[in-house]
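**Student:** pasting the structure only:
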């Protein structure tokens, strides 16, 4: 992949996280402002970026449309939509659905906490596999070669004191997850957030995972674990409908 294409992709990732000005992006990518402005103009022309009234740049409507079309083609998202929302009506917390798509794990659906507390996750965004419940639930059900492929681009960043930062440590935890059938995020990306997750396994193998996430002060891990039987029932129902 050419350097210009890589940089354009990284710019899109950056403005997807939060809208940014030319100056902010130029500093982030260590480019002259005029160079960054030309990069953004090119992205605007193809509909991948757009300039807002306040001067910041965010994702373009064409890119959003492409992402939506891609998500709509994911059978898991369609099949899981109703069961996921029934689960949410009972638990109230934020419910995530992630799918294994080739060598990546992607958030494909999300139902926000009934209290209005918003989580960092974003539908269409890749899952941080080494520090997320859904990521670990899926990885634990992959063979070594599949796991290697998914983890190939992991940066092993340390976000909190609980973040796993080595493949060796992750493999130990994945072995335990495979045996017990569920995983947790114990404040591993944001120290005030925790979650429990279960895999969605069909006859063809693992296809995704769902999780229930809460602010630690509202519900800690022990409280979230009481949701596991219902979550496993939901995952099993989705797996049956997928065939």
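**Tutor:** All right, it came through fine. These numbers come from a predicted model, not from an experiment.
**Student:** Break the chain into its domains for me.
**Tutor:** 3-67, 74-242 (automatic domain parsing).
**Student:** Let me see the contact set for residue 111.
**Tutor:** Neighbouring residues of residue 111 by Cβ atoms under 8 Å, 6 or more residues apart in numbering: 84, 85, 88, 94, 95. Every C-beta, even on glycine, is put in place using the N, C-alpha and C of the backbone.
**Student:** before we move on, what SS does the last one have?
**Tutor:** Applying DSSP: H, G, I helix; E, B strand; the rest coil to residue 95 yields a three-state assignment of strand.
**Student:** The longest helix anywhere in the chain - contacts with which helices or strands?
**Tutor:** For the chain, the helix reaching the highest residue count under DSSP state H is reported as helix 75-91. With contacts taken as 3 or more Cβ pairs under 8 Å, 6 or more residues apart in numbering; DSSP states H and E, helix 75-91 sits against strand 94-101, strand 104-111, strand 205-215, helix 228-242.
**Student:** can you put the ones you listed in JSON lines and add distance to residue 37 and mean pLDDT?
**Tutor:** Formatted as JSON lines, the helices and strands packed on helix 75-91 follow (distance: least, Cβ to Cβ, whole Å; pLDDT from 0 to 100):
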{"stretch": "strand 94-101", "distance to residue 37": "34", "mean pLDDT": "92"}
{"stretch": "strand 104-111", "distance to residue 37": "31", "mean pLDDT": "90"}
{"stretch": "strand 205-215", "distance to residue 37": "38", "mean pLDDT": "93"}
{"stretch": "helix 228-242", "distance to residue 37": "46", "mean pLDDT": "94"}
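**Student:** okay, those in CSV with distance to residue 49 next?
**Tutor:** Converted to CSV, the helices and strands packed on helix 75-91 look like this (distance: least, Cβ to Cβ, whole Å):
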stretch, distance to residue 49
strand 94-101, 24
strand 104-111, 21
strand 205-215, 30
helix 228-242, 35
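**Student:** closest one to residue 198 among the ones you listed?
**Tutor:** Checking the helices and strands packed on helix 75-91 against residue 198 by Cβ to Cβ gives helix 228-242 as the closest, at 4.8 Å.
**Student:** now stretch 175-183, how far from the centre of its chain.
**Tutor:** Centroid separation for stretch 175-183 versus its chain: 20 Å, with Cα atoms, centre = their mean, to the nearest Å.
**Student:** Buried by neighbour count: which residues of that stretch qualify?
**Tutor:** Of all the residues in stretch 175-183, those buried under the rule 16 or more other Cβ atoms under 10 Å are 177, 182, 183.
**Student:** Give me the mean pLDDT for it.
**Tutor:** Averaged over stretch 175-183, pLDDT sits at 96.
**Student:** Alright, calling it a day.
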